[in-house]
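1. show me how the following folds:
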Amino acid sequence: MKTESIKIMFSVCLLAAAGCTISKPDIQSGKLQSVGYLNLERIFDSNEFEAEKFGPARWLENGSGYTTLEDSDTQEGGKDIVRYNPETGSREIMVSSTRLVPPDESEPLEIDGYSWSEDGKKLLIFTNTERVWRRNTRGDYWVIDMNSWDLYKLGADAKPSTLMFAKFSPDGYRVAYVCEKNLFVQDLNDCHITQLTTDGSDTIINATSDWVYEEEFGLRDGFRWSPDGNSIAYWQFDTNGVRDFHLINYTDSLYPKITTFQYPKVGETNPACRIGVISSSGGETIWFEVPGDPRNHYIPKMEWVENSQEIVLQQLNRLQNTNKVMTGDARTGRVRTILTECDEAWIDVSNSLKWLDD
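-> Take a look at the predicted model:
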């Protein structure tokens, strides 16, 4: 709402300023082609006033430079992935847009996001994206082998634009991702797919978030590889019992459309949240024994400890004025509280944990 208000005020100011440059004869004769004349079409329906963009940029693991996207000189509409050395300023095209053309296609992939494996030998491309709540977090993922230049799509026969939050394993040989509320791991050597969870449904959400956690805590990506790559920790949400909220859209078409999503109002039933760990090769999930009513507490933060045997999580009460930091044993599910922070009003959870070298 605030952003829209700023846009409107900005437009009004521009139009007012433009009005000062138009002479009365021009208005009467309809001659409004002056270079200085602004209208809503120029402001909103063109890219004339769009700020120049940079990135997305990615630092390489060895610290030798960073990569970013730049318009291709050889293929119209394409993007090259370019490496810069910040020390010397040297520039190198690492992945030309011609390398991003899928088999049997003539146009390169449109890059909405990308990431490198830790060894820099593989590149993960996020494309064909769709919006989930507020951000485009669902789409297709492609992998490029930087040695052979093979380009292939992940997910096998998954529906288009259904993969979320794909991430390389620490060794770079596998990729984990979410598809239709379940968690999967795909081997990049033989493309074999292992489905880690099977209970995803309209009310059970694995490895991504429901509406509440995205709204309250900005949580979208709901799983983490262990540092050794042997396990994955993930959030699971049970929205059963959360009441539906209906929005009526009168503006997009002649007849109104109704959008329905689960939304707990104050005092109403919240989704239940829990965190588990599962082997990256499949098996049973070990659920952490976090105390307290899961519908009246939140778990907004979770990360692995460097030893790959424990996770650290933060638990908030529903009033959000008591935060407990806990560690959990990934082998047994037992947890222990290592810090409790309280405030009479409100506490903001922090994600700035720093692990010591020892």
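2. report the central residue of this structure.
-> Nearest to the geometric centre of the chain sits residue 137, at 4.8 Å (Cα atoms, centre = their mean).
3. does that residue lie in a helix or a strand, and which?
-> Here residue 137, judged by DSSP states H and E, is contained in strand 135-145.
4. quick check: mean pLDDT of that strand?
-> Here strand 135-145 scores 97 as its mean pLDDT.
5. next SSE downstream of it?
-> Per DSSP H and E, the helix or strand that comes after strand 135-145 is strand 151-153.
6. what are the pairing partners of that following strand, and which direction each?
-> strand 135-145 (antiparallel) (DSSP bridges).
7. pull out the buried residues from the partner strand.
-> 137-144 (16 or more other Cβ atoms under 10 Å). For glycine as for every other residue, the C-beta is placed from the backbone atoms N, C-alpha and C.
8. just stretch 105-116 next, same as before
-> By 16+ other Cβ under 10 Å, the buried positions in stretch 105-116 come out as 108-109, 111, 113-116.
9. got it, and stretch 53-70?
-> So, applying 16+ other Cβ under 10 Å, buried residues of stretch 53-70: 58, 65, 67-70.
10. in helices, which of the residues you listed appear?
-> Nothing among these maps onto helices, per DSSP state H.
11. reformat these as CSV; add distance to residue 258 and pLDDT.
-> Listed next are the buried residues of stretch 53-70 as CSV, based on distance: Cβ to Cβ, whole Å; pLDDT from 0 to 100:
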residue, distance to residue 258, pLDDT
58, 41, 95
65, 50, 94
67, 44, 97
68, 42, 96
69, 39, 95
70, 43, 94
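12. just the ones of the residues you listed in strands?
-> Among these, DSSP state E puts 58, 67-70 in strands.
13. hmm, who's touching the host helix or strand of residue 131?
-> Using DSSP H and E, residue 131 sits in strand 122-132. The contact list for strand 122-132 (Cβ atoms under 8 Å, 6 or more residues apart in numbering) reads 81, 95, 100, 109-117, 136-146, 160-161, 164, 166-168, 172, 175, 188, 220.
14. neighbouring strands for that strand, and are they parallel or not?
-> strand 113-116 (antiparallel), strand 135-145 (antiparallel).
15. need the contact list for the nearest residue to residue 108 once chain neighbours are set aside.
-> Nearest residue to residue 108 in three dimensions, chain neighbours excluded: residue 100, at 3.9 Å (Cβ to Cβ, 6 or more residues apart in numbering). With contacts defined as Cβ under 8 Å, 6+ apart, residue 100 is in contact with 78-79, 108-109, 111, 125, 144, 151.
16. from those, pick the one nearest residue 303.
-> residue 125 (25.9 Å; Cβ to Cβ).
17. give me the neighbour count for the closest one.
-> 25 (other Cβ atoms under 10 Å).
18. any idea what it is bridged to?
-> Residues in beta-bridge contact with residue 125 (DSSP bridges): residue 114, residue 142.
19. measure it to residue 133 for me?
-> 23 Å (Cβ to Cβ, to the nearest Å).
20. can you redo the buried residues of stretch 105-116 as a markdown table with distance to residue 326?
-> Converted to a markdown table, the buried residues of stretch 105-116 look like this (distance: Cβ to Cβ, whole Å):
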| residue | distance to residue 326 |
| --- | --- |
| 108 | 46 |
| 109 | 42 |
| 111 | 39 |
| 113 | 32 |
| 114 | 34 |
| 115 | 29 |
| 116 | 33 |
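21. for residue 212, helix, strand, or coil?
-> With DSSP: H, G, I helix; E, B strand; the rest coil as the basis, residue 212 sits in helix.
22. was I right about it contacting residue 270?
-> Yes. With contacts counted by Cβ atoms under 8 Å, residue 212 reaches residue 270, the gap being 6.6 Å.
23. spit out the residues that contact those two alike.
-> By Cβ under 8 Å, 6+ apart, residue 212 and residue 270 have these common neighbours: residue 264.
24. which strands and helices lie in contact with the helix or strand where residue 177 lies?
-> Take DSSP H and E as the rule and residue 177 turns out to sit in strand 174-179. In this structure, strand 174-179 packs against strand 135-145, strand 163-168, strand 182-187, strand 223-225, with contacts taken as 3 or more Cβ pairs under 8 Å, 6 or more residues apart in numbering; DSSP states H and E.
25. tell me where the stretch 151-300 of the chain has strands.
-> Applying DSSP state E, counting those that start in this stretch to the stretch 151-300 of the chain gives strands spanning 151-153, 163-168, 174-179, 182-187, 193-195, 204-206, 223-225, 231-238, 244-249, 257-262, 272-279, 286-287, 297-304.
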